[in-house]
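1. Here's a sequence, model it:
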Amino acid sequence: MEYEEIKKRVLYLLDQIRPYLQNDGGDMEFIELTDDFIVKLKLTGACHSCPMSVITIKNGIEETLKKYIPEIKEVVNVLS
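-> As a prediction, this is how the structure comes out:
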């Protein structure tokens, strides 16, 4: 699958996940999909300072993206 198609699928899936974060007062901002298929996000709102944010990224968002898009290698939270 080519880069643009993967990016389109990532954005679609993030939109499906977003309401779960918003239910807890948080959200996420898509930063980029790198050439080596690492998704960079910025957690915002309540998610930004939540001590469980690493679990949200790894066990929630990353696991979901990898399930539907096997090319994804990792999801990382950009802290700035």
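2. Export only the CA atoms of the lengthiest helix in the chain, formatted as CSV.
-> Taking DSSP state H as the criterion, the chain has its longest helix at helix 3-23. Extracted in CSV, the C-alpha atoms of helix 3-23 (Å, rounded to 0.1, in the frame of the first residue of the first chain):
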residue,chain,number,x,y,z
TYR,A,3,2.1,6.2,1.6
GLU,A,4,-0.9,8.5,0.7
GLU,A,5,-3.4,5.6,1.1
ILE,A,6,-1.9,4.6,4.4
LYS,A,7,-2.1,8.2,5.6
LYS,A,8,-5.7,8.4,4.5
ARG,A,9,-6.6,5.2,6.5
VAL,A,10,-4.7,6.5,9.6
LEU,A,11,-6.7,9.8,9.5
TYR,A,12,-10.0,7.9,9.1
LEU,A,13,-9.2,5.5,12.1
LEU,A,14,-8.1,8.4,14.3
ASP,A,15,-11.5,10.0,13.6
GLN,A,16,-13.1,6.8,14.8
ILE,A,17,-11.1,6.7,18.0
ARG,A,18,-11.4,10.5,18.8
PRO,A,19,-14.9,10.3,20.4
TYR,A,20,-13.5,8.0,23.1
LEU,A,21,-10.9,10.5,24.1
GLN,A,22,-13.4,13.3,23.9
ASN,A,23,-15.7,11.5,26.3
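3. Now find how far off-centre that helix is within its chain.
-> Taking CA atoms, centre = their mean, to the nearest Å, one finds helix 3-23 lying 7 Å from the centre of the chain it belongs to.
4. what ranges do the strands span in this structure?
-> 26-33, 38-45, 74-77 (DSSP state E).
5. And the ones you listed: which comes nearest residue 11?
-> Smallest distance to residue 11 across these (CB to CB): 6.4 Å, for strand 26-33. Where you see a C-beta, it was placed from the backbone N, CA and C, and this is true even at glycine.
6. Okay, now the sheet partners of the closest one, with direction.
-> strand 38-45 (antiparallel) (DSSP bridges).
7. Format the strands of the chain as a markdown table; extra columns: distance to residue 5, mean neighbour count and mean pLDDT.
-> Listed next are these as a markdown table, based on distance: least, CB to CB, whole Å; neighbours: other CB atoms under 10 Å; pLDDT from 0 to 100:
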| stretch | distance to residue 5 | mean neighbour count | mean pLDDT |
| --- | --- | --- | --- |
| strand 26-33 | 11 | 16 | 97 |
| strand 38-45 | 15 | 18 | 96 |
| strand 74-77 | 18 | 18 | 96 |
